[in-house]
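Enquirer: this one's structure only:
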């Protein structure tokens, strides 16, 4: 008996006191610092990619080769985003994020080589490396931005992440405009533009090394996240991924993931077909400003207390639907007018009537970025734990890549721009009813799938969480 009493006393006596955490460590490990770093990584990678893409056809004179490369990029991402989401839960978000920073620069380099020397095969190779890297980056950055944030800060954190991404477009397009502002004719962007942008993309890798793994993040409320990679098997994560795919909360969002941004390809064709070089670079800059404004506004709006989360979801999607239908109608009228104009139209800021054609492109960019904010906020409203969010973000990106792959594939074919625009119009219209149905399922507070399963195995849990996800989690927890 005495042995049993003495043992715990000795064990207690040898227990090492906890070291105080420094202010620097608290900041370095904070959710805010990590989301800022993720935003800066996004700035150097897809942000610069967007800067090139939003100037129209990657700055080239004709859109077809670049649209083909982009179709290849997103074709890889259809499968890659979900695969890397599964691998992130096994090998860690940080490791997958690091991999995602090494494939964008070769693509930008290929555009430089094509612009200067006319070499085409390198553009397709760059599209492939970009597809692999983007799959890893897209699967991990969104999970970090949403999963590290507390529920009441998810709108703000999503806004910071996507807003910093647009900094890439703002800086990149400012450089483009400064180097091309004298060209009032149609054509391709000067090749010196690419060198600065490639240098910026090389900063992504060292930034990725600063990210903290989820279990080391220090939250203000003392909340701890268990290491998501512990006791994980890839097959079990794949089973959870498949179960999430069948969850009706996610299933209803598939059309909006595929169809909303279909107009991006048309916008690239529209800019190269009707605008001067300097007007295209101005379009890239103002598009970045519009997207940043969208991130700031919706990041604030989604965290306000004026409406409940279910009401906020319905109000937002109703506004989006009306605005997008009106915008598409306006653009159909613009396209018809410019396509039938004799002589051929070259829209430049020095010419009358420039504002009408230019404003439509900027408004589309604002709405497309608003869509990103909306879909990520919806996922954050549905799911709370970082493992489920990682899989959900990977799935989201996979279906978004399906839409981009198909739309850029159509853009690579030499069909009339009006046909491309009408397809984009129809694709958006299809998304309206299913997305509104998804807003009807938004709860006031998201569900932590794993915690809910472990804390409550009752029938009430079955009402709150879709059976497919619960079954997969139960198998995983055994």
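Expert: Ah, there it is. All values reported here derive from a predicted model rather than from experimental measurement.

Enquirer: ok, then the element right after the helix or strand containing residue 32?
Expert: For residue 32, the host element (DSSP states H and E) is helix 31-42. Remark: after helix 31-42, the chain's next helix or strand is helix 48-53, criterion DSSP H and E.

Enquirer: Now for the nearest residue to residue 298 once chain neighbours are set aside: which residues touch it?
Expert: Leaving out its chain neighbours, the residue that sits closest to residue 298 by Cβ to Cβ, 6 or more residues apart in numbering is residue 373, at 4.0 Å. Heads up, the C-betas are built off the backbone N, CA and C, glycines and all. Residues in contact with residue 373 (Cβ atoms under 8 Å, 6 or more residues apart in numbering) are 155, 158, 159, 162, 294, 295, 298, 299, 302.

Enquirer: looking at it, residue 240 is touching residue 390, isn't it?
Expert: No. Using Cβ atoms under 8 Å, residue 240 makes no contact with residue 390, being 10.1 Å away.

Enquirer: More neighbours: which of those two?
Expert: Shown here are residue 240 and residue 390; by other Cβ atoms under 10 Å, residue 390 has more neighbours (30 against 23).

Enquirer: Hmm, residue 50 is touching residue 167, no?
Expert: No. In this structure, residue 50 is not within contact of residue 167 by Cβ under 8 Å, at 10.6 Å.

Enquirer: neighbour count winner among the two?
Expert: Each of residue 50 and residue 167 has its neighbours counted (other Cβ under 10 Å); residue 50 has more, 25 against 18.

Enquirer: on that earlier part again, which of the contacts of residue 373 fall in helices?
Expert: 155, 158, 159, 162, 294, 295, 298, 299 (DSSP state H).

Enquirer: if we can go back for a sec, what's the helix or strand for the residue nearest to residue 298?
Expert: Taking DSSP H and E as the criterion, residue 373 maps to helix 354-382.

Enquirer: same question, residue 128
Expert: Counting by DSSP H and E, residue 128 is part of helix 121-147.

Enquirer: what do you get for residue 351?
Expert: Going by DSSP H and E, residue 351 is not in any helix or strand.

Enquirer: Isn't residue 416 up against residue 339?
Expert: Yes. Counting by Cβ under 8 Å, residue 416 does reach residue 339; the two are 7.4 Å apart.

Enquirer: quick one: which of these two has more around it?
Expert: Each of residue 416 and residue 339 has its neighbours counted (other Cβ under 10 Å); residue 339 has more, 14 against 11.

Enquirer: Excluding sequence neighbours, find me the nearest residue to that one.
Expert: Spatial nearest neighbour of residue 339, chain neighbours left out: residue 418 (6.2 Å); criterion: Cβ to Cβ, 6+ apart.

Enquirer: From residue 437, how far off is that neighbour?
Expert: 31 Å (Cβ to Cβ, to the nearest Å).

Enquirer: Then residue 354?
Expert: Using Cβ to Cβ, we find residue 354 at a distance of 41 Å from residue 437.

Enquirer: When those two are compared, which one has more neighbours?
Expert: More crowded of residue 354 and residue 437, by other Cβ under 10 Å: residue 354, with 16 against 13.

Enquirer: re the thing from before, count of neighbours near the residue nearest to residue 339?
Expert: 15.

Enquirer: just residue 237 next, same as before
Expert: Applying other Cβ under 10 Å, we find 22 residues neighbouring residue 237.

Enquirer: and the next element down the chain from the strand or helix carrying it?
Expert: When elements are assigned from DSSP H and E, residue 237 belongs to helix 234-246. Counting by DSSP H and E, the next helix or strand C-terminal to helix 234-246 is helix 248-251.

Enquirer: Could you pull out the buried residues of that following helix?
Expert: By neighbour count on 16 or more other Cβ atoms under 10 Å, the buried set for helix 248-251 is 249, 250.

Enquirer: List the residues that contact residue 49.
Expert: Counting by Cβ under 8 Å, 6+ apart, residue 49 makes contact with 104, 107, 108, 130, 168.

Enquirer: Any chance of JSON lines for those, columns secondary structure?
Expert: JSON lines is the format used below for these (DSSP: H, G, I helix; E, B strand; the rest coil):
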{"residue": "104", "secondary structure": "helix"}
{"residue": "107", "secondary structure": "helix"}
{"residue": "108", "secondary structure": "helix"}
{"residue": "130", "secondary structure": "helix"}
{"residue": "168", "secondary structure": "helix"}
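
Enquirer: Where is pLDDT lowest across those?
Expert: In terms of pLDDT, residue 168 ranks lowest among the contacts of residue 49, with 72.

Enquirer: Pull the contacting residues for that one.
Expert: With contacts defined as Cβ under 8 Å, 6+ apart, the neighbours of residue 168 are 42, 43, 44, 45, 46, 47, 48, 49, 50, 51, 200.
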